[in-house]
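Trainee: take this sequence and fold it.
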Amino acid sequence: MAAERIRARYLIETPVEPAAVAEVMAGEQSCGTFTRVEGETDALRERARATVESITELEPAEAPSLPNALLERKGTRGPWRRAHVDISFPVANIGANLPTLAATVSGNLYDLGEVTGLRLESLHVPAAYRAQFEMPRAGIAGTRRATGVTSGALVGTIIKPNVGLSATETAALVGRLCAAGVDFIKDDEVCADPAHAPLAERVPAVMAVVRAHQERTGKHVMVAFNITDETDAMKRHADLVEREGGSCVMASLNWCGHSGIQTLRRHTGLALHGHRNGYGALSRHPLLGISFQAYQTLWRLAGVDHMHVHGLQGKFSQPDSEVIESARDCFTPLTDAADDRVMPAFSSGQWAGTVPATWAAIGSDDLLFMAGGGILAHPDGAEAGVTSIRQAWSAARAGTALQDAAKHAPELARALAFFGKP
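Mentor: Numbers count the residues shown, from 1 in each chain. A predicted model of the protein is given here:
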């Protein structure tokens with residue numbers, strides 16, 4: 001194990017020689033600091049120091065991407081050189097400790113005085129190291145088993161209004177959505193345990209409706225209750241969901257933290273729906289933060305089953321190329337030793353008209369296709385909204401244009417007319 005190494009790739013921008021910056025990065029995140037200190041022997045460095053594996057210089061920038069007070073005080077000027085830097089870290093430095101792994105591959109690197117930009121681009125762990133962490137309890141196959149959806153994308157929706165509905169009103173809405181034919185329903189990230197609809201009331205009320213629907217139809221609708229909270233409360237909430245016959249809970253990953261999600265994963269066998277709200281603060285600047293590949297690697301080590309990737313042609317800032325790449329990251333095992341793939345959750349401005357682009361880009365049914373307004377705002381009601389998405393999905397898989405399919409699919413035709421052009 002001691003010889004195994006974790007590998008990370010970074011994009012850096014600096015007015016300094018990139019090789020020198022790479023050595024600073026390796027030292028700062030392992031056994032060194034800005035200068036050699038007492039106790040930092042050659043033997044210790046050989047055993048514990050991070051290693052610069054490669055440096056690939058890129059086209060320089062015309063101006064610094066981020067301010068840097070240290071360089072300004074020194075009067076340092078460009079050129080602002082950019083490079084990919086590959087660094088490996090000894091597994092023995094970290095152990096099976098997810099927060100420390102995150103601190104090692106990120107941590108103080110973002111504050112280094114030598115850089116005007118730094119981004120963690122990718123993260124890869126060895127198979128034996130990955131095996132020490134949690135695996136998804138449901139993943140793609142388990143989610144399909146729980147919902148009974150053996151083929152086709154899982155069609156889901158989000159409870160709207162986000163907040164304000166009482167427990168009774170929420171249950172009534174869930175009942176209508178179950179009757180409409182959805183496979184998956186989730187809480188919004190801003191509705192967890194509010195005073196007007198506490199989980200202690202909302203979970204039993206909603207699950208009574210879900211169980212009644214299952215008794216009538218044989219169909220279990222997976223509901224992702226947002227149990228985001230402090231750790232002990234999340235465990236209690238998960239227990240309540242399980243007692244009531246639920247199959248899924250949701251947590252806001254960035255605000256619960258790696259330790260909180262690990263604790264929740266180890267406590268419950270329910271599917272864990274990972275919501276990434278706040279990820280934009282970590283990713284939107286091209287020279288700062290963390291790419292989705294590295295981000296989802298850390299959360300998959302915590303054992304999540306679903307990961308949000310946003311949606312194609314959606315309402316948020318990410319380009320379609322980033323959404324597509326993020327979904328492919330979810331489909332890619334972290335190592336060759338085990339199938340730890342997770343189900344990507346597409347959301348944000350999705351409706352029947354965004355289905356063809358999704359199918360063309362992903363070419364897989366193994367995803368959650370979630371539409372809020374695309375279902376709940378359909379002019380003929382939620383059931384027509386669900387049907388329009390299924391009709392669009394069938395058309396896309398068959399290679400049929402939506403306008404042609406709509407000639408024989410009134411729900412799809414109404415969606416195209418109401419929401420916009422496909």
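
Trainee: longest single helix anywhere in the chain?
Mentor: helix 199-217 (DSSP state H).

Trainee: and V355, that one's in a helix?
Mentor: Yes - counting by DSSP: H, G, I helix; E, B strand; the rest coil, V355 is located in a helix.

Trainee: which element follows the longest helix of the chain toward the C-terminus?
Mentor: Counting by DSSP states H and E, the element after helix 199-217 in chain order, helix or strand, is strand 222-226.

Trainee: tell me the angle of that following strand relative to helix 199-217?
Mentor: 180 degrees (axes from the mean of the first three to the mean of the last three Cα atoms, to 10 degrees).

Trainee: tell me the angle of the helix or strand following strand 222-226 relative to strand 222-226?
Mentor: Elements were assigned by DSSP H and E; along the chain past strand 222-226, the next helix or strand is helix 231-243. Between the axes of helix 231-243 and strand 222-226, defined by the same axes, to 10 degrees, the angle is 160 degrees.

Trainee: who are the packing partners of helix 231-243?
Mentor: helix 199-217, strand 248-252, helix 253-267 (3 or more Cβ pairs under 8 Å, 6 or more residues apart in numbering; DSSP states H and E). Where C-beta positions appear, they are placed from N, C-alpha and C, glycine not excepted.

Trainee: would you mark the buried spots in that helix?
Mentor: Buried residues in helix 231-243, counted by 16 or more other Cβ atoms under 10 Å: 231, 234-235, 237-238, 240-241.

Trainee: re earlier: winner for burial among the helices and strands packed on helix 231-243?
Mentor: The highest mean neighbour count among the helices and strands packed on helix 231-243, using mean count of other Cβ atoms under 10 Å, belongs to strand 248-252: a mean of 25.

Trainee: ok, and what's touching it?
Mentor: Residues outside strand 248-252 that contact it (Cβ atoms under 8 Å, 6 or more residues apart in numbering): 138, 146, 184, 186-187, 189, 222-228, 234, 237-238, 241, 260-261, 264, 268, 270-275, 277-278.

Trainee: re the thing from before, mean confidence score for the longest helix of the chain?
Mentor: What helix 199-217 shows for mean pLDDT is 98.

Trainee: which outside residues touch it?
Mentor: For helix 199-217, the external contacting residues (Cβ under 8 Å, 6+ apart) are 167-168, 170-172, 174-175, 178-179, 192-193, 219-221, 223, 225, 227, 237, 240-241, 244-246.

Trainee: how much space separates the closest residue to F331 other than its chain neighbours from V174?
Mentor: Take F331 and drop its neighbours on the chain: the residue closest to it by Cβ to Cβ, 6 or more residues apart in numbering is R341, 5.6 Å away. Between R341 and V174 the computed distance is 29 Å (Cβ to Cβ, to the nearest Å).

Trainee: R276 now?
Mentor: Distance from R276 to V174, by Cβ to Cβ: 24 Å.

Trainee: next: A195.
Mentor: From A195 to V174 the distance is 20 Å (Cβ to Cβ).

Trainee: give me the more crowded residue out of those two.
Mentor: With neighbours defined as other Cβ atoms under 10 Å, A195 and V174 compare such that V174 has more, 24 against 5.

Trainee: doesn't F184 make contact with the more buried one?
Mentor: No - contact criterion Cβ atoms under 8 Å: V174 and F184 do not qualify, at 11.5 Å.

Trainee: shaky segments in this protein?
Mentor: Across the chain, the ranges flagged by pLDDT under 70 are 1-3, 32-41, 44-45, 48, 421-422.

Trainee: strands of that one, start to end?
Mentor: 5-14, 51-57, 81-90, 117-124, 154-158, 184-186, 222-226, 248-252, 271-275, 288-290, 306-308, 343-346, 368-370 (DSSP state E).

Trainee: as CSV, the ones you listed with distance to A361 would be great.
Mentor: Output for the strands of the chain, formatted as CSV (distance: least, Cβ to Cβ, whole Å):
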stretch, distance to A361
strand 5-14, 24
strand 51-57, 28
strand 81-90, 26
strand 117-124, 21
strand 154-158, 17
strand 184-186, 21
strand 222-226, 24
strand 248-252, 25
strand 271-275, 21
strand 288-290, 23
strand 306-308, 16
strand 343-346, 10
strand 368-370, 13
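
Trainee: mind checking which of those strands is nearest Q296?
Mentor: Nearest to Q296, of all these, is strand 306-308, at 5.5 Å by Cβ to Cβ.

Trainee: re earlier: as PDB, could you dump the C-alpha coordinates of the longest helix of the chain?
Mentor: The C-alpha trace of helix 199-217 is given here as PDB (Å, rounded to 0.1, in the frame of the first residue of the first chain):
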ATOM      1  CA  LEU A 199     -39.900  16.000   8.200                       C
ATOM      2  CA  ALA A 200     -41.600  14.400  11.300                       C
ATOM      3  CA  GLU A 201     -44.900  15.300   9.700                       C
ATOM      4  CA  ARG A 202     -44.000  15.400   6.000                       C
ATOM      5  CA  VAL A 203     -42.400  11.900   5.700                       C
ATOM      6  CA  PRO A 204     -45.300  10.000   7.200                       C
ATOM      7  CA  ALA A 205     -47.900  12.000   5.200                       C
ATOM      8  CA  VAL A 206     -46.000  11.600   1.900                       C
ATOM      9  CA  MET A 207     -45.200   7.900   2.400                       C
ATOM     10  CA  ALA A 208     -48.800   7.100   3.200                       C
ATOM     11  CA  VAL A 209     -49.700   8.300  -0.200                       C
ATOM     12  CA  VAL A 210     -46.700   6.500  -1.900                       C
ATOM     13  CA  ARG A 211     -47.700   3.200  -0.100                       C
ATOM     14  CA  ALA A 212     -51.300   3.600  -1.200                       C
ATOM     15  CA  HIS A 213     -50.300   4.200  -4.800                       C
ATOM     16  CA  GLN A 214     -48.000   1.100  -4.600                       C
ATOM     17  CA  GLU A 215     -50.800  -1.000  -3.200                       C
ATOM     18  CA  ARG A 216     -53.100   0.100  -6.000                       C
ATOM     19  CA  THR A 217     -50.700  -0.200  -8.900                       C
END
